[in-house]
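In: Next comes the sequence, and after it the predicted model I'd like to discuss.
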Amino acid sequence: MDVAREVREKVELIRARIADAARRAGRAPETVKLVGVSKYATPNDGIVEAMLGAGLYDLAENRPQRLLEKVDVWGGTYDGRFVPTEALASDSPLRNDPDVRLRWHFIGTLQRNKARRILPCATLIHSVDSLKLLETLDRILEEESSKEHNGVFPKVARVLLEAHISEDENKQGFACDEIANALQVALAMKRVVVCGLMGMAGLNATESETRRQFAKLRQTLVECQERFPEATNFKELSMGMSGDFEIAIEEGASIVRIGSSLYPS
């Protein structure tokens, strides 16, 4: 089986499983966004093209340099506009269909000294894990707003606050009881919009532990929505990967990040 066909079939299978999980939770399937994690793909293996061919236009990277390399090949999102590269195939729907837009998500640890390079091409940064990073994003965009840069930088950064919901010591993020304070700080910022929360279950968590951890993240979101009704964009829950996305959807995920399950065997 060729790569394009296998990836397309896997995308279709994951979408069907997402729909089933959403229905079990009494939700409409379209309330869950599938984000394909492209970190295992390279510009020459045909996998990204296969994902795009399957209609999967939300892709994610967890390392700044890998994201920038892919943007160089397939184009990026600048201030809400998708800008293709010359390397993009002439018959690509990304070049010819105005309704098709490739949206890059950043899901890994973002060091503050890399933030300026990532801001122009990430439609959503899932992994804001400190007040210092929030402040850096706000400061950079305020600085860039006064420069002549042809709209390369967005007016605001759309971000998620990463919550540490597992007991894994190597996981980063805010403790759940710190989220409300971080959101309050962000609400006073001019250039940052917090759109919700991101979390990862423990690496060796049992199914019941995973469910409990995701439920805790959902409850944190609800509590913050009640406390800060002015945070009208604060509604996304990015949780669930290849091994646990169905549990995540049942517990309220609006975004699932799927990598290995989409790749050829």
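Out: Arrived safely.
In: In the chain, mark out all the strands, start to finish.
Out: 33-37, 58-61, 76-78, 81-83, 103-106, 124-128, 157-163, 192-199, 236-239, 255-258 (DSSP state E).
In: shaky segments in this structure?
Out: Within the chain, the segments meeting pLDDT under 70 span 1, 76-100, 148-151.
In: quick one: the helices in it?
Out: Assigned by DSSP state H, the chain shows helices spanning 3-24, 47-53, 64-74, 93-96, 115-118, 131-145, 179-187, 207-227, 245-250.
In: Deepest-packed of those, please.
Out: helix 245-250 (a mean of 23; mean count of other C-beta atoms under 10 Å). (C-beta placed from N, C-alpha, C; glycine too.)
In: Just the CA atoms of that helix, as PDB, please.
Out: Only the C-alpha atoms of helix 245-250 are listed here, as PDB (Å, rounded to 0.1, in the frame of the first residue of the first chain):
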ATOM      1  CA  PHE A 245      -7.800  10.400  22.900                       C
ATOM      2  CA  GLU A 246     -11.100   8.600  23.300                       C
ATOM      3  CA  ILE A 247     -11.000   8.900  27.000                       C
ATOM      4  CA  ALA A 248     -10.000  12.500  26.600                       C
ATOM      5  CA  ILE A 249     -13.000  13.200  24.300                       C
ATOM      6  CA  GLU A 250     -15.400  11.500  26.800                       C
END
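In: which helices and strands does it pack with?
Out: helix 3-24, helix 207-227, strand 255-258 (3 or more C-beta pairs under 8 Å, 6 or more residues apart in numbering; DSSP states H and E).
In: Name all residues that make contact with the spatially most central residue of the chain.
Out: For the chain, the residue nearest the mean C-alpha position is H105 (4.3 Å; C-alpha atoms, centre = their mean). Listed by C-beta atoms under 8 Å, 6 or more residues apart in numbering, the contact partners of H105 are V35, D58, L59, A60, E61, A122, T123, L124, I125, H126, R257.
In: Try it again at 6 Å.
Out: V35, A60, L124 (C-beta atoms under 6 Å, 6 or more residues apart in numbering).
In: The second one contacts I107, doesn't it?
Out: Yes. Contact criterion C-beta atoms under 6 Å: A60 and I107 qualify, at 4.7 Å.
In: So if I had to pick from the two, which one is more boxed in?
Out: More crowded of A60 and I107, by other C-beta atoms under 10 Å: I107, with 27 against 24.
In: Now for G243, how many residues are close by?
Out: The burial count for G243: 14, using other C-beta under 10 Å.
In: and the gap between it and A215?
Out: Using C-beta to C-beta, to the nearest Å, G243 is found at 17 Å from A215.
In: Please apply the same query to C224.
Out: Relative to A215, and taking C-beta to C-beta, C224 is found at 15 Å.
In: With A248 instead?
Out: Counting by C-beta to C-beta, the gap from A248 to A215 is 10 Å.
In: try A231
Out: 21 Å.
In: dump the residue contacts of the closest residue to E246 other than its chain neighbours.
Out: The shortest distance from E246 to any non-neighbouring residue, by C-beta to C-beta, 6 or more residues apart in numbering, is to A21 (4.2 Å). By C-beta under 6 Å, 6+ apart, the contact list for A21 reads E246, I249, E250.
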